[in-house]
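Enquirer: below are the sequence and a predicted model; questions follow.
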Amino acid sequence: MSLPARVRIVEVGPRDGLQNEAAPVATCDKIALIDRLSATGLDCIEATSFVSPKWVPQLADAADVMAGIRRRDGVAYPVLVPNLQGYERARAAGADQVSVFSAASDAFNRRNTNAGVDESLARFAPVVERAAADGVRVRGYVSTVLGCPYQGEVPVAEVVRVAAALHAMGCREVSLGDTIGVGTPTAARAMLRAVADAVPMPALAVHFHDTYGQALANVLACLEEGVRVVDAAVSGTGGCPYARGASGNLATEDLVYMLHGMGIETGVDLDALVDTGAWLAGILGRQTSSRVTRARRGS
Ligand code: HMG
Ligand code: MG
């Protein structure tokens, strides 16, 4: 399969990145981050999540973040919701796109949401139904698609089943997440190929964490397989608080550098993104995980 002329990036840093920070990040800094990201040309920025604040206190200020951001025309600001209660909070805060999330591993899903996979799918049905009535676009995540921190191996058939269920329910896009970053390109390619037999490729996205340094290689394998939507987090922040050993997401700067270097358009200004990544690293008080930002900044 030939490579695409353009790839759509879904920036998940403000949500997947900041949900895993040990030290609190000020609401004004979260707002500034999102506004800086939207100024780089990114047109889909997952802004926060309306999960239980007891489970993820890092994002308890979700409504204030939504109220504070400067919404740019043409930019979508989806938010994560785990249930109808989260959907209602998200809508009250002005969200017009939401994401629901399940997993290909029951063991992980129970730790992450206190529900088995099938129970979580049943929870989403009314959310997706309400969203359809409200004209709200829904994305679905499947986590642990290439390995689980609790059960180990994850059968590809289970990834296919959950992805197909989310799509059939009405999720317009299904993002396949290697939550703990254990996958390699052959496994990523085989998994995507199997899912694409059940869900049309244009409705699929990939979401890699870079724990073992495989994320860009996995993205390339999946682009060759036909995927056109890739998730990433500025500065390589993130991880799931309920996935032991999960480290950062693929850094958006590194993804953009690779794609532009290969002649693939993203609509993103890499210099502005590097500035934002370096700024965020300063806010978080540590070195960025982005190799590109480190190389450009000589650190
Ligand atoms: P639970 O404790 O079973 O919930 O949690 P419950 O329905 O029994 O309710 C218990 C309490 O929580 C009640 O309050 C509810 O009102 C409240 P109380 O009566 O005790 O005062 N509650 C809520 N409050 C605010 N907003 C809500 C909400 N729902 C219930 N939406 C629940 C179940 C799903 C809520 C919880 O487990 C949860 O919030 N989990 C989210 C964990 C999470 O956010 N993990 C990270 C995201 S997933 C991820 O990172 C992977 C991904 O990036 C892809 C990848 O990387 O592969 C997507
Ligand atoms: Mg993630």
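Expert: Looks like it came in fine. Ligands and ions are numbered 1, 2, ... in the order given.

Enquirer: quick check: pLDDT value at residue 212.
Expert: pLDDT, residue 212: 93.

Enquirer: i'd like the first residue to be 739 from this point on
Expert: Noted, 739 is the first residue going forward, which turns the last one into residue 950.

Enquirer: which residues touch it?
Expert: 919, 920 (CB atoms under 8 Å, 6 or more residues apart in numbering). Every C-beta, even on glycine, is put in place using the N, C-alpha and C of the backbone.

Enquirer: let me know the helix or strand that it is in.
Expert: Under DSSP states H and E, no helix or strand contains residue 950.

Enquirer: how close does it get to residue 881?
Expert: 17 Å (CB to CB, to the nearest Å).

Enquirer: what about the host helix or strand of residue 903, near ligand 1?
Expert: Counting by DSSP H and E, the element that carries residue 903 is helix 894-907. No: Helix 894-907 does not reach ligand 1 (CB under 6 Å from any ligand atom); its nearest approach is 11.2 Å.

Enquirer: what do you get for stretch 932-948?
Expert: Yes: counting by CB under 6 Å from any ligand atom, ligand 1 has neighbours in stretch 932-948: residue 945.

Enquirer: ligand 1 contacts on the protein?
Expert: Residues of the chain found near ligand 1 (CB under 6 Å from any ligand atom) are 754, 757, 787-794, 820-821, 823-824, 827, 839, 850-852, 879, 881, 915, 917, 945, 978, 980.

Enquirer: name the element residue 1020 belongs to?
Expert: Using DSSP H and E, the element containing residue 1020 is helix 1008-1022.

Enquirer: can you spell out which helices and strands pack onto that helix?
Expert: helix 765-777, helix 990-999, helix 1029-1035 (3 or more CB pairs under 8 Å, 6 or more residues apart in numbering; DSSP states H and E).

Enquirer: can you pull out the helices in the stretch 839-988 of the chain?
Expert: Assigned by DSSP state H, counting those that start in this stretch, the stretch 839-988 of the chain shows helices spanning 844-851, 855-872, 894-907, 923-934, 953-963.

Enquirer: would you turn those helices into JSON lines with distance to residue 778 and mean neighbour count?
Expert: What follows is the helices of the stretch 839-988 of the chain, written out as JSON lines (distance: least, CB to CB, whole Å; neighbours: other CB atoms under 10 Å):
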{"stretch": "helix 844-851", "distance to residue 778": "30", "mean neighbour count": "21"}
{"stretch": "helix 855-872", "distance to residue 778": "28", "mean neighbour count": "17"}
{"stretch": "helix 894-907", "distance to residue 778": "29", "mean neighbour count": "20"}
{"stretch": "helix 923-934", "distance to residue 778": "26", "mean neighbour count": "19"}
{"stretch": "helix 953-963", "distance to residue 778": "19", "mean neighbour count": "21"}
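
Enquirer: redo those as CSV? Include mean pLDDT.
Expert: Shown next, in CSV, are those (pLDDT from 0 to 100):
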stretch, mean pLDDT
helix 844-851, 97
helix 855-872, 97
helix 894-907, 98
helix 923-934, 98
helix 953-963, 98
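
Enquirer: for the helix holding residue 1020, the averaged confidence score.
Expert: 97.

Enquirer: and that helix, what's buried?
Expert: For helix 1008-1022, the neighbour count (16 or more other CB atoms under 10 Å) marks 1008, 1011, 1012, 1013, 1014, 1015, 1016, 1017, 1018, 1019, 1022 as buried.

Enquirer: quick one: residues contacting the fifth one.
Expert: By CB under 8 Å, 6+ apart, the contact set of residue 1014 is 771, 774, 775, 778, 972, 973.

Enquirer: state the pair within those that is farthest apart.
Expert: Farthest pair in the contacts of residue 1014 (CB to CB) is 778 and 973. Separation: 12.5 Å.
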